[in-house]
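Engineer: Give me the fold of what follows.
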Amino acid sequence: MKKNLFSKLFSTYLLLILLAIGLVSSLFYVFFNNYYYGIREQQLLIQGKEIAQIVSPNIKNKDFSQMDETINIYNKTNISRMWIVNKEGNIVSGPGEFDNHDSECPEREQIKRALKGETVTSRGNIKYSDDPVLSVALPIYVDGNIEGAVFACNPLSDINQSIVQALKIVIFAGVIAIVILAFVSFFISRNITKPIKKITEISLEMAKGNFTERVKVPSNDEIGKLAETFNYMTVKLDKTLRDLEYERDKMTEMERMQREFVANASHELRTPLTSVRGYIEAILDGVINEKEQEKKYLRIILKETLRLHRVVNSLLDLSRMEAGHVKINKKELCIDEIIKRTVTRLKPLAEEKELVLEIDELRSLPKVVGDEDLIEQVIINYITNAVRFTPKGGRILVRVDKGDNKVSVHVIDTGIGISLQDLPNVWKRFYKINDARPLSKEGSGLGLSLVKEIMELLEGRAWVESTLGKGSTFSFSLPAKKKIVDEKVHK
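Structural biologist: The predicted structure is shown next:
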């Protein structure tokens, strides 16, 4: 189901609102997260530094009882937990016990860094807590020397609860904002699309030939200017269509064919003419000094000239066929004789490219009804096309089948083949499948178009089957007589 402009505008506005609210909520979450964690981290660092100053004389004098009393008082009066570590890395005071030999424990890594003089902060789980905590580790200095470290941690559960509560407030406010802005977007979208909808309705009336309707928009904004321009266009279009009506009636099919002929001819003849001109100018300017090179260029010019001659003749043949100016001499013909004669004529062309051109066994073939010259032209076009697109060492086979009141001729090659998407287009004039095909410049690009036209004139059918990379089979069929032509039977 297609969306109209109103739906697109409204959904776009709504999407932008949702994205904006989502972005603001995300920013608030990041702000609250950094704010709460930052405050708690600063508090924990201040407390750790205070404890470090208090216990520094005790750790120097190894007064562990006084140190334990200080740490126990702190741990009982705060949700944070604190440990004291001597400079050997052993826990000397604090709640519970530490595994002094567990080097993989995150808190042990922090303690090691603190004993080197670093102040370390971290968020995550520690070995002796089930919940995530914020932890800090900082050195204890005595007379400028590091004599131990303070390790403190604070549960993050209360911070997370505060962040969740703040986020709920933001989400609630966001939902209210979405509802309000959705209503605003609805009315804005409707005001924009209402005049456009009217323009659409009038356009449909114009398509029916009614040019009397006009769009009325009181605003002076872009929509109003659009309506004014549309009304002006309606008046001009009405006048233009009336002026063109008389001229359109004068157009004929012959004019169309003439324009098409000029377009096709100019497209196909431009390249060889440019090539011929270049070679002739090179010879006349004296660029070519060697006689052998001059002969080579002249042979190329002759080759391109012959190709131009074939293109022009093919175009003229197509034009005559489409205009119905071709005289057809229909009669009963022996298709096998035409095939043998044509294959014999084209064998040198195939052998020059090291191809095998042969005929499958012909027997018990009925006569066909058609024009001998045109049928021979179709077979020639098929075989030369196969020679052009079959690599050296390939094989071309001509096979004939008889069916219900018809005879079918197939030219089968082991060439490069044609892709499925290109098969319907091979009958078009000057159609090039792709630049990678080794298309011979000797071809006119009109051979298969001529085949299609000839088959229509002879009430036959032309078709092609192909597999890319394996080869193609070009075929045609003609009406047949019931009488069988078989030299062996006659004997």
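
Engineer: can you pull up the bridge partners for residue 463?
Structural biologist: Residue 463 forms beta bridges with residue 475, as assigned by DSSP bridges.

Engineer: Tell me how far it lies from residue 210.
Structural biologist: Here residue 463 is placed at a distance of 47 Å from residue 210 (Cβ to Cβ, to the nearest Å). The C-beta positions use only the backbone N, C-alpha and C, and glycine is treated the same way.

Engineer: Let's verify residue 398: helix, strand, or coil?
Structural biologist: Assigned by DSSP: H, G, I helix; E, B strand; the rest coil, the conformation of residue 398 is strand.

Engineer: Show me what the strand or helix carrying residue 224 is packed up against.
Structural biologist: Of the helices and strands defined by DSSP states H and E, residue 224 is found in helix 222-249. Secondary-structure packing of helix 222-249 (3 or more Cβ pairs under 8 Å, 6 or more residues apart in numbering; DSSP states H and E): helix 157-207.

Engineer: could you check the angle helix 222-249 makes with the helix it packs on?
Structural biologist: Angle between the axes of helix 157-207 and helix 222-249 is 40 degrees (criterion: axes from the mean of the first three to the mean of the last three Cα atoms, to 10 degrees).

Engineer: More neighbours: residue 463 and residue 210, which one.
Structural biologist: For residue 463 versus residue 210, the count of surrounding residues by other Cβ atoms under 10 Å is larger for residue 463: 15 against 11.

Engineer: Could you count how many residues lie near residue 183?
Structural biologist: Using other Cβ under 10 Å, residue 183 is surrounded by 9 other residues.

Engineer: how much space between it and residue 15?
Structural biologist: Residue 183 is 16 Å from residue 15, by Cβ to Cβ.

Engineer: Then residue 337?
Structural biologist: With Cβ to Cβ as the criterion, residue 337 and residue 15 are 75 Å apart.

Engineer: likewise residue 421?
Structural biologist: For residue 421 relative to residue 15 (Cβ to Cβ), the value is 37 Å.

Engineer: For the spatially most central residue of the chain, give me its contacts.
Structural biologist: With distances taken as Cα atoms, centre = their mean, the chain has residue 421 as the residue nearest its mean C-alpha position (17.2 Å). Listed by Cβ atoms under 8 Å, 6 or more residues apart in numbering, residue 421 has no contact partners.

Engineer: Find the helix or strand that it is a member of.
Structural biologist: Using DSSP H and E, residue 421 falls outside every helix and strand.

Engineer: Report pLDDT for it.
Structural biologist: Reading off the per-residue confidence, residue 421 sits at a pLDDT of 88.

Engineer: quick one, phi psi at it?
Structural biologist: In this entry, residue 421 is assigned phi and psi values of phi -70, psi -20 (degrees, to the nearest 10).

Engineer: separation between it and residue 452?
Structural biologist: If you go by Cβ to Cβ, the gap between residue 421 and residue 452 works out to 19 Å.

Engineer: Going along the chain, name the helices of this protein.
Structural biologist: For the chain, applying DSSP state H gives helices covering 5-61, 64-77, 106-114, 157-207, 222-249, 253-284, 291-323, 335-352, 372-388, 447-457, 487-490.

Engineer: Let me know whether residue 372 touches residue 338 as I believe.
Structural biologist: Yes. Judged on Cβ atoms under 8 Å, residue 372 makes contact with residue 338 at a distance of 6.5 Å.

Engineer: Can you point out the buried residues in stretch 65-77?
Structural biologist: Applying a neighbour-count criterion of 16 or more other Cβ atoms under 10 Å, the buried positions in stretch 65-77 are 67-68, 70-71, 74-75.

Engineer: Alpha carbons of it, as PDB, please.
Structural biologist: Extracted C-alpha coordinates of stretch 65-77, given in PDB (Å, rounded to 0.1, in the frame of the first residue of the first chain):
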ATOM      1  CA  SER A  65      45.900  -2.600  66.900                       C
ATOM      2  CA  GLN A  66      45.500   1.200  66.500                       C
ATOM      3  CA  MET A  67      45.300   0.700  62.800                       C
ATOM      4  CA  ASP A  68      42.500  -1.900  63.100                       C
ATOM      5  CA  GLU A  69      40.600   0.300  65.500                       C
ATOM      6  CA  THR A  70      40.700   3.200  63.000                       C
ATOM      7  CA  ILE A  71      39.600   1.000  60.000                       C
ATOM      8  CA  ASN A  72      36.900  -0.800  62.000                       C
ATOM      9  CA  ILE A  73      35.400   2.600  63.100                       C
ATOM     10  CA  TYR A  74      35.400   3.700  59.400                       C
ATOM     11  CA  ASN A  75      33.900   0.500  58.100                       C
ATOM     12  CA  LYS A  76      31.100   0.600  60.700                       C
ATOM     13  CA  THR A  77      30.200   4.200  60.000                       C
END
